[in-house]
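K.L.:
Sequence first, then the predicted structure, then my questions.
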Amino acid sequence: MKRISITIGALALSMSSLTVMAQEERAPQQENVATAETPDTDWKLSYALGMETGAFLKEVPELELELFIQALQDTVKDGESLLKPDQAAALRQAFYTKRQEGKLEAVGENNRATGEAFFAANKEREGVVTTASGLQYIMLRDGDGPQPLVTDRVTVHYRGGFIDGTEFSNSYRQGSPDTVPLNNGIPGWIEALQLMKVGSKCRFFIPSDLAYGQRGVPPQIGPNDTLIFEVELLGIEN
């Protein structure tokens with residue numbers, strides 16, 4: 001959003017510079033622009049900024065170019081504006097929000113498809129158990145202690161990551177385990193921990209519907225991200 005604002009501001013400089021130069025007939029012929037060996041001048045900078053902004057504007061189907069140019073001229077020349085500042089700000093914010101939501105939706109759809117393909121293949125791996133909810137897990141080490149209830153607090157060591165192996169959380173690096181209320185976790189975490197006994201170590205594959213869904217947890221967890229946890233259940237507090 002900040003970059004967009006800067007880019008549009010740059011176009012204002014570009015358009016105003018080009019207009020003045022055209023009027024004073026100071027711009028070189030087009031065929032000389034690409035071949036000129038002279039040092040950079042103001043007109044080149046203005047044109048370069050215009051190229052960058054034009055590339056952005058090509059991706060904005062809502063844009064009416066004539067009105068855009070009129071607004072630039074009105075603003076640069078301190079002319080009368082067709083919109084009040086608060087109206088313009090609200091329209092820009094709505095545009096940026098809609099654009100960002102569209103990008104997140106596309107990322108979310110891609111993450112969901114990637115997750116579904118992963119779970120379809122993962123369920124065929126030896127030792128993988130799939131529950132009715134869609135949670136998958138491998139019991140790496142069986143414990144012989146009690147199993148927690150949803151109302152308990154659990155002490156755990158864990159690593160949390162994604163399908164590609166990237167980690168987003170690791171209690172081992174903190175140097176000490178975490179003790180947390182079990183019912184404060186995501187649905188997949190709550191279900192998974194209740195399958196373990198104290199002393200167990202387990203790897204859980206949590207689909208996005210049992211994690212953070214489309215909203216994710218920006219910037220660490222994207223929309224519809226599949227989460228993978230490796231957990232050691234060390235203790236239970238009632």
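P.N.:
Looks like it arrived, so ask away. None of these values were measured; they are calculated from a predicted model.
K.L.:
Now Pro61: which helix or strand?
P.N.:
If you go by DSSP states H and E, Pro61 is not part of any helix or strand.
K.L.:
What is the burial count for it?
P.N.:
The number of residues packed near Pro61 is 5, by other C-beta atoms under 10 Å. C-beta coordinates here come from the backbone N, C-alpha and C atoms, glycine included.
K.L.:
And for Ala113?
P.N.:
If you count neighbours by other C-beta under 10 Å, Ala113 ends up with 11.
K.L.:
which residues are contacting stretch 141-156?
P.N.:
171, 177-183, 190, 193-202, 231-238 (C-beta atoms under 8 Å, 6 or more residues apart in numbering).
K.L.:
got the buried residues for it?
P.N.:
Going by neighbour count (16 or more other C-beta atoms under 10 Å), the buried part of stretch 141-156 is 143, 148, 152, 154-156.
K.L.:
got the CA positions of it in PDB?
P.N.:
The C-alpha trace of stretch 141-156 is given here as PDB (Å, rounded to 0.1, in the frame of the first residue of the first chain):
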ATOM      1  CA  ARG A 141       7.200 -42.600  20.700                       C
ATOM      2  CA  ASP A 142       4.500 -44.100  22.900                       C
ATOM      3  CA  GLY A 143       4.300 -42.800  26.500                       C
ATOM      4  CA  ASP A 144       2.900 -44.600  29.500                       C
ATOM      5  CA  GLY A 145       1.400 -41.600  31.400                       C
ATOM      6  CA  PRO A 146      -2.100 -40.200  31.500                       C
ATOM      7  CA  GLN A 147      -3.800 -38.500  28.600                       C
ATOM      8  CA  PRO A 148      -4.900 -34.800  29.000                       C
ATOM      9  CA  LEU A 149      -8.400 -33.500  29.000                       C
ATOM     10  CA  VAL A 150      -9.400 -30.400  27.100                       C
ATOM     11  CA  THR A 151      -9.700 -28.600  30.500                       C
ATOM     12  CA  ASP A 152      -6.100 -29.400  31.400                       C
ATOM     13  CA  ARG A 153      -2.900 -27.400  31.100                       C
ATOM     14  CA  VAL A 154      -0.100 -29.200  29.200                       C
ATOM     15  CA  THR A 155       3.600 -28.900  29.300                       C
ATOM     16  CA  VAL A 156       5.100 -29.500  25.900                       C
END
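K.L.:
Against which helices or strands is the longest helix that the chain contains packed?
P.N.:
The helix that spans the most residues within the chain, counting by DSSP state H, is helix 85-122. If you count contacts as 3 or more C-beta pairs under 8 Å, 6 or more residues apart in numbering; DSSP states H and E, helix 85-122 packs onto strand 201-206.
K.L.:
Can you check what angle separates the strand it packs on from helix 85-122?
P.N.:
On the basis of axes from the mean of the first three to the mean of the last three C-alpha atoms, to 10 degrees, strand 201-206 is oriented at 130 degrees to helix 85-122.
K.L.:
Selection in ChimeraX covering whichever of the contacts of stretch 141-156 are buried, please.
P.N.:
The buried subset of the contacts of stretch 141-156, as determined by 16+ other C-beta under 10 Å, is captured in ChimeraX by this line:
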select :171,177,182,193,195,196,197,198,200,201,202,231,232,233,234,235,236
